[in-house]
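Colleague: Next input, structure requested:
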Amino acid sequence: MPVYTLKDLKSGEHYDVTCSWDDLQTILNEQPDGKHVLKAPKIVSSRMGNNDLKVPDGFKDLLKNKIKKGSGKGNTINV
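Modeller: Numbers count the residues shown, from 1 in each chain. Below is the predicted model of the structure:
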């Protein structure tokens, strides 16, 4: 379910609501002082350079021995 940020126009308080779009519209209709606030989505950046993401040596051996040899003549697999 998506998380929507709402603002109470009287108090200025921001709060998050986890609900469907239809439920959000119902909440906004029931609370005339509430307003949907647009925010940038939370994005997870890449983890380049992290040692956890390196390909294990066993996978490289698998590429060399089975996949490259079994892919036929003129394959373009670079190991």
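Colleague: buried set for the helix or strand hosting Asp23?
Modeller: Element membership for Asp23, per DSSP states H and E: helix 21-30. Going by neighbour count (16 or more other C-beta atoms under 10 Å), the buried part of helix 21-30 is Leu24. For the C-beta atoms, the positions are set from N, CA and C on the backbone; glycine is no exception.
Colleague: starting at the chain centroid, how far to it?
Modeller: 25 Å (C-alpha atoms, centre = their mean, to the nearest Å).
Colleague: Touching it from outside, list them.
Modeller: Contacts to helix 21-30, defined as C-beta atoms under 8 Å, 6 or more residues apart in numbering, come from residues 2, 4, 6, 17, 19, 34-36.
Colleague: switch to 6 Å and redo it
Modeller: Contact partners of helix 21-30, identified using C-beta atoms under 6 Å, 6 or more residues apart in numbering, comprise 4, 34.
Colleague: low pLDDT regions in the protein?
Modeller: Low-confidence segments of the chain (pLDDT under 70): 44-53, 77, 79.
Colleague: before we move on, back to that, helix or strand right after the helix holding Asp23?
Modeller: strand 34-37.
Colleague: So in that sheet, which strands flank that following strand, and in what orientation?
Modeller: strand 3-8 (antiparallel) (DSSP bridges).
Colleague: Which positions within the partner strand qualify as buried?
Modeller: So for strand 3-8, counting by 16+ other C-beta under 10 Å, buried means 4, 6.
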